[in-house]
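> coordinates only, sequence not included:
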């Protein structure tokens, strides 16, 4: 199958990955209502088609947090992504660097920060959760600082993990002991290309950043048990003081979906906010990011850098998000599917597709610069 779109890479990933890994990438929480809204509401955003405008010189470049980007896109943090291809986060980081966009490494990545940062000349952004063990958090921030990570993405919408039915059905979670291991093994052996490339040659199979606190326990059940026990449900606004004490660069809050929370974030002095519902993987039934974004942009768009994720399946969707008020977008499933389907080459191709699709969308709405994309290109805009 020759991939021509992001959704083609979803199909390639489905064919190549063991079921438990594909369902982890692909699924959402509960009935996946919000997961569906993210896509449907963004698709429903209508743009104004303009004609007879000189669009011979379209420039996608922009800057975020002082970093020059080839386009207003970053690869967002995706847990366990390193299992989608051999040393997967390294492959994705290399593709992002070649495309001139940031890569964000998850705390719960398969490859440790030292490995990923050592594989590229452009340091990644680093994503952090609020963890009960504050000493471990300090150590992670020190590692990120030593690796010259320019941005800390602080995820705040996961004080408790969401309930994801697909993970139970696939055996990723809720399948402890030998029975669960054999179930996942059978799924892996049904995908021989993955089993050879990742299962055999992609070792070590553990969460690189978390490995020191897991103390030799490397099973998926150990990881999910650690998450349940160590994500801090007592997280509150005052914890930003702790983060600021140990991180001197830009702090971007990921998981803001309410304008009142966005105002509080701005008042607390963070440099950016990512409008996100965790890809529909946390509280099901909340609004899509496309619905939530305009009110948040009105509330704080002139006070901090506003990013968004959720439901982005094309360069056209990137332009839609920018028109709704974002200054940049983060990809999640899009790059994880591409990595699972075709490794680094797949991620590189997805970024090429996004750039090409952005140029078409910008040209047909009559704009040639990213900063010209605003509500005026929306149908009904003035």
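Arrived safely. Keep in mind it's a predicted model, so treat the numbers as computed, not measured.
> so what's residue 75 bridging to?
residue 103, residue 331 (DSSP bridges).
> now swap in residue 155 and tell me
residue 254.
> Spit out the contact partners of it.
Residue 155 is in contact with 77, 127, 128, 129, 254, 255, 278, counting by CB atoms under 8 Å, 6 or more residues apart in numbering. C-betas here are computed from N, CA, C, even on glycine.
> switch the cut-off to 7 Å
Shown in contact with residue 155 (CB atoms under 7 Å, 6 or more residues apart in numbering): 127, 129, 254, 255.
> between those residues, which is nearest residue 261?
Nearest to residue 261 among the contacts of residue 155, counting by CB to CB, is residue 255 at 9.0 Å.
> what about the closest one, how many neighbours?
Other residues near residue 255 number 20, with proximity taken as other CB atoms under 10 Å.
> and if you look at residue 350?
28.
> State whether it and residue 9 are indeed in contact, as I suppose.
Yes. Here residue 350 reaches residue 9: they are 6.3 Å apart, a contact under CB atoms under 7 Å.
> Could you list the low-pLDDT ranges of the stretch 151-300 of the chain?
Where the stretch 151-300 of the chain drops to pLDDT under 70, the residues are 216-223.
> Swap in 80 and give it another go.
Judged by pLDDT under 80, the stretch 151-300 of the chain has its weakly predicted residues at 174-180, 204-206, 208, 211, 213-229.
> All the strands of it, in order from the start?
Using DSSP state E, counting those that start in this stretch, the strands of the stretch 151-300 of the chain run over 152-155, 251-256, 272-275.
> hey, which of the ones you listed is tucked in deepest?
Stretch with highest mean neighbour count among the strands of the stretch 151-300 of the chain: strand 272-275 (a mean of 28; mean count of other CB atoms under 10 Å).
> quick one on the thing from earlier: touching both of residue 350 and residue 9, which residues are there?
Shared contacts of residue 350 and residue 9, counting by CB under 7 Å, 6+ apart, come down to residue 338.
> May I have the residues that are in contact with residue 276?
Residue 276 touches 157, 254, 255, 289, 308, 309, 310, counting by CB under 7 Å, 6+ apart.
> Greatest separation within those: which pair is it?
Across these, the longest distance by CB to CB is 13.5 Å; it joins 157 and 308.
> so who does residue 26 touch?
residue 333.
> for the contacts of residue 155, which one is nearest residue 330?
Taking the contacts of residue 155 together and measuring to residue 330 by CB to CB, the closest member is residue 254, at 8.1 Å.
> Please look at residue 128 and residue 107 and confirm they touch.
Yes. With contact defined as CB under 7 Å, residue 128 counts as touching residue 107 (5.7 Å).
> Residues that sit against both of those two, list them.
Here residue 128 and residue 107 have residue 140 as joint contacts, going by CB under 7 Å, 6+ apart.
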